[in-house]
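**Student:** My questions concern the predicted model and sequence given below.
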Amino acid sequence: MRIGELSRATGTSTRSLRYYEDQGLLSSHRRSNGYREYGEEAVRQVAFIQDLYRAGLPSQIIRDILPCTAPTPPAGQCTQLLERVRQVRDELARQEQQIAQRREMLDRYLTGTAAPAGFSGPPGFSAGDDTRPHRPHPDPQH
C-alpha cells in the first residue's frame, strides 16, 4: 500500500509516517516511480508505534523494541530492553507522585489550610478571597 493508503488506514498523517521511517521505526520499499510501498503489517506496526509514543517512550527505545516483537526475536537483547522500559515506567511513576504532591500543596494554599513560606496574609487567606491586597509586579514594565 502507498503512504496515503497507510495514512488513511491508521489515521496517521503522512508526515508522521515519514518521520517514523526516518527514525528507523517503519520501513518501506520504493517503487520504480519513487513512491513508498508498505506491506500489510505496517498498519499494525504503526498502531504499536503510536501506543508506545503515547506511553512516553522515546524513538530510540521504540526502535529497540520493534525487533523484540518479531516472530523470532533477537536473543538476549529483549531482556535488557524490558529493564529499560521498566526504568521509564518507574520514572513516570516518580513524576506522577511529584505532580500529585505539588497539586496537593496548591490545593492547601487555595483552601487556606496552608500558606507559602514567608507569606504574611491573613489567616485563612485563599485565592478566592476578594479582600486580598493588590501587590504591584516587581517589574514596572510588566
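**Tutor:** That came through fine. Numbers count the residues shown, from 1 in each chain.

**Student:** Can you give me the neighbour number for Asp90?
**Tutor:** By other CB atoms under 10 Å, the residues close to Asp90 number 10. (C-beta placed from N, C-alpha, C; glycine too.)

**Student:** and if you look at Ile3?
**Tutor:** Look at Ile3: counted by other CB under 10 Å, it has 20 neighbours.

**Student:** which regions of the protein sit below the pLDDT cut-off?
**Tutor:** The model of the chain has pLDDT under 70 over residues 120-142.

**Student:** Now do the SS call for the residue nearest the centre of the chain.
**Tutor:** In the chain, the centroid-proximal residue (CA atoms, centre = their mean) is Gly56; its distance is 3.8 Å. With DSSP: H, G, I helix; E, B strand; the rest coil as the basis, Gly56 sits in coil.

**Student:** where does it fall, phi/psi-wise?
**Tutor:** phi 100, psi 10 (degrees, to the nearest 10).

**Student:** which stretch of helix or strand covers the residue lying closest to it once chain neighbours are set aside?
**Tutor:** Leaving aside its sequence neighbours, Gly56 sits nearest to Leu92 (CB to CB, 6 or more residues apart in numbering; 5.8 Å). According to DSSP states H and E, Leu92 maps onto helix 77-111.
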